[in-house]
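Asks: Please work out how this folds:
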Amino acid sequence: MSPSIVGNSSSSVTTNTNVLNSGAVVNASSDGGLPQAQGDSMFSNGIHTLFNNMNMLSEQASDKYKMLQEKANLSRDAHSMANQLDEVIGGVSVSGQDATAEIPKEALDFMKKMHIPVDGLSVEDFLKKNGTNLKKGQLQAVKNALETESNRASDFVSQSQLQLQGLLQKYNVTVSLINAMQTLLAEMNKTIAQNIR
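Replies: This next block holds a predicted model:
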């Protein structure tokens with residue numbers, strides 16, 4: 001998946017996660033999120049369990065979405081750095097077989113920060129071994145390392161989107177069950193009140 005696709009997919013997920021960030025859809029009291037005036041009835045226990053499930057799903061989805069955003073940013077940035085290397089490689093190719101060039105500072109700092117390895121070595125060790133002025137093949141190895149990191153992060157985003165969609169579906173089902181139980185309880189209380197009269 002290209003980083004541009006990742007960005008579009010992430011934005012669609014942002015809309016969905018607003019359901020979670022907006023808080024509980026059903027009415028709740030201030031003491032632990034339980035519906036008011038339910039007592040110790042079977043309905044109260046059921047709604048209590050569903051509220052707990054809803055909160056758990058909300059936390060899981062929020063954590064998953066945060067990780068998804070971080071990986072989407074990593075994929076985009078790594079792809080951008082790989083493009084910088086591509087330009088450098090193009091310049092070296094024009095200059096001749098023995099021409100050399102340095103890794104652009106922005107790309108080098110990014111690789112150090114994100115601990116992106118090159119041929120099994122940290123970028124610092126790679127430069128110690130080969131020098132700061134790299135030939136075309138060595139620059140290509142650096143570019144490949146950045147592209148690999150970008151693709152790996154992109155794959156993580158794709159998998160996380162599917163997992164997040166599953167969490168959102170479970171969350172919506174839980175909210176529907178809570179609303180249904182509250183409606184049923186209200187109808188039952190109404191019937192009891194009418195019979196007392």
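Asks: Residue 145 - how many residues pack around it?
Replies: 23 (other Cβ atoms under 10 Å). In this view, the C-beta of every residue, glycine as well, is placed from N, C-alpha and C.
Asks: residue contacts, it?
Replies: With contacts defined as Cβ atoms under 8 Å, 6 or more residues apart in numbering, the neighbours of residue 145 are 111, 116-119, 123.
Asks: Look up how far residue 81 lies from it.
Replies: Going from residue 145 to residue 81 by Cβ to Cβ, to the nearest Å gives 10 Å.
Asks: distance between the lengthiest helix in the chain and the chain's centre?
Replies: Counting residues, the longest helix found in the chain (DSSP state H) is helix 136-196. With Cα atoms, centre = their mean, to the nearest Å as the basis, helix 136-196 stands 11 Å off its chain's centre.
Asks: Show me the shaky parts of this protein.
Replies: 1-41, 197 (pLDDT under 70).
Asks: helix/strand/coil for the spatially closest residue to residue 163 that is not a sequence neighbour?
Replies: Once flanking residues are discounted, residue 163 sits nearest to residue 64: 6.0 Å by Cβ to Cβ, 6 or more residues apart in numbering. The three-state label given to residue 64 by DSSP: H, G, I helix; E, B strand; the rest coil is helix.
Asks: How many neighbouring residues does residue 64 have?
Replies: 19.
Asks: In this structure it contacts residue 166, no?
Replies: No. Contact criterion Cβ atoms under 8 Å: residue 64 and residue 166 do not qualify, at 9.8 Å.
Asks: re earlier: in helices, which of the contacts of residue 145 appear?
Replies: 111, 123.
Asks: Tell me the helices and strands packed up against the helix or strand containing residue 129.
Replies: Here residue 129, judged by DSSP states H and E, is contained in helix 123-130. When contacts are defined as 3 or more Cβ pairs under 8 Å, 6 or more residues apart in numbering; DSSP states H and E, helix 123-130 sits against helix 105-114, helix 136-196.
Asks: contact partners of it?
Replies: Residues contacting helix 123-130 (Cβ under 8 Å, 6+ apart): 103, 108, 111-112, 116-119, 121, 138, 141-142, 145.
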